[in-house]
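Enquirer: structure, please.
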Amino acid sequence: MKRCTVKLTKRLQAILDIVPQAGVIADVGTDHGYLAVAMIKEKKAGRVIAIDVNARPLETAKRYIESCQLTPYIECRLSNGLQNTRVGELTGAVICGMGGFLMRDIIREAPELLDFYVVQPQNGQAELRQYMVEEGYCIIKEIIMYDMGKLYQAWLAIKKDLLDPISFDKDIYANLPKDSILWMVGALVAEERPLLWRQYIENFIHQYQSVLESMTIALRRTNKFIKTQQCIKELEELL
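Expert: Residues are numbered from 1 along each chain as shown. Predicted coordinates for the structure are as follows:
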């Protein structure tokens with residue numbers, strides 16, 4: 001393979017680090033193709049299908065992949081999520097940089113459920129986690145990262161029936177109440193409390209406080225106001 005410069009952002013590098021080795025991986029929302037190239041170079045995948053819903057970024061990714069002489073290993077494909085893929089074609093998928101509700105729809109509308117997903121949602125984290133758990137996945141790794149002035153979270157979810165029950169016997173989400181704040185922030189990182197933990201939780205608190213401050217006096221007796229106050233209290237208890 002040709003030596004070409006692969007400059008991943010801290011966010012993409014952190015995501016790459018939790019991608020498991022697999023035969024064929026889809027890079028959904030590939031943009032410039034940087035992550036697709038990195039997955040081949042780091043031997044995370046034997047082949048990658050770089051997917052984007054827009055033709056222009058896909059052409060940019062194609063030129064970059066060609067400059068790295070990796071076209072035998074990476075196919076660029078125009079597709080709305082995973083809809084333009086075939087049953088049995090993929091082992092897993094990486095889906096980054098979009099909302100959690102859209103990610104849920106991408107997974108749900110695909111031809112099949114894959115062995116694993118690495119996701120980095122911008123919002124809707126609780127709903128996406130709950131959907132994946134309901135579909136028979138176990139979230140085995142969660143990370144938080146800071147890049148270009150923003151905090152992000154990502155996780156790796158694998159089908160439960162593919163996990164060795166001896167080596168992995170703890171599913172923290174199995175009995176977690178549906179209204180727990182941990183569905184949003186991440187139950188695994190809540191246990192691990194990495195270096196960015198305080199900043200991460202304080203960022204959520206700030207977001208909810210901004211919501212409260214934007215409410216008019218008339219809205220301050222609504223369920224939304226009460227629920228937002230409760231979320232702030234639960235977040236503060238995690239510090």
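Enquirer: what about stretch 54-62, distance to the chain center?
Expert: Distance of stretch 54-62 from its chain centroid, counting by CA atoms, centre = their mean, to the nearest Å, is 22 Å.
Enquirer: swap that for stretch 153-168, please
Expert: In terms of CA atoms, centre = their mean, the centre of stretch 153-168 is found 15 Å from the chain centre.
Enquirer: then stretch 223-231?
Expert: Chain-centre distance of stretch 223-231: 27 Å, with CA atoms, centre = their mean.
Enquirer: so after the helix or strand that residue 23 is a member of, what's the next helix or strand?
Expert: According to DSSP states H and E, residue 23 maps onto strand 22-28. The first helix or strand that comes after strand 22-28 along the chain, using DSSP H and E, is helix 34-41.
Enquirer: packing partners of that next one?
Expert: In this structure, helix 34-41 packs against helix 10-17, strand 22-28, strand 45-52, helix 55-67, strand 74-78, strand 92-98, with contacts taken as 3 or more CB pairs under 8 Å, 6 or more residues apart in numbering; DSSP states H and E. For glycine as for every other residue, the C-beta is placed from the backbone atoms N, C-alpha and C.
Enquirer: phi, psi for the residue lying closest to residue 136 once chain neighbours are set aside please.
Expert: Distances taken as CB to CB, 6 or more residues apart in numbering put residue 160 closest to residue 136, at 5.4 Å, once the chain neighbours are dropped. Per-residue torsions, residue 160: phi -60, psi -40 (degrees, to the nearest 10).
Enquirer: what mean pLDDT does the helix ranked longest in the chain have?
Expert: Criterion DSSP state H: the longest helix present in the chain is helix 197-214. For helix 197-214, mean pLDDT rounds to 94.
Enquirer: and if you look at stretch 82-99?
Expert: In this model, stretch 82-99 has a mean pLDDT of 97.
Enquirer: so how far is that stretch from its chain's centroid?
Expert: With CA atoms, centre = their mean as the basis, stretch 82-99 stands 12 Å off its chain's centre.
Enquirer: ends of it, what's the gap?
Expert: Terminal residues of stretch 82-99 are spaced 16 Å apart (CA to CA, to the nearest Å).
Enquirer: which of the residues in it are buried?
Expert: For stretch 82-99, a neighbour-count test (16 or more other CB atoms under 10 Å) marks 82, 85, 90-98 as buried.
Enquirer: any weak-confidence spans in this structure?
Expert: 1-3, 167 (pLDDT under 70).
Enquirer: domain assignment for it?
Expert: Structural domains assigned to the chain are 10-174, 197-237, following the TED database.
Enquirer: which one of the ones you listed lies nearest to residue 183?
Expert: Between residue 183 and those, the tightest spacing by CB to CB is seen for domain 10-174, at 3.7 Å.
Enquirer: what's the span of that closest one, first residue to last?
Expert: The first residue of domain 10-174 is 31 Å away from its last residue (CA to CA).
Enquirer: re the thing from before, closest to residue 186 out of the domains of the chain?
Expert: Of the domains of the chain, nearest to residue 186 by CB to CB is domain 10-174, at 4.4 Å.
Enquirer: tell me the gap between the closest one and the middle of its chain.
Expert: That offset, for domain 10-174, works out to 7 Å (CA atoms, centre = their mean).
Enquirer: circling back: next one: the longest helix of the chain to chain centre, how far?
Expert: Per CA atoms, centre = their mean, the centroid offset for helix 197-214 relative to its chain is 21 Å.
Enquirer: got it, and stretch 208-221?
Expert: Mean-position distance between stretch 208-221 and its chain equals 30 Å (CA atoms, centre = their mean).
Enquirer: straight-line length of that stretch, end to end?
Expert: End-to-end distance for stretch 208-221: 16 Å, by CA to CA.
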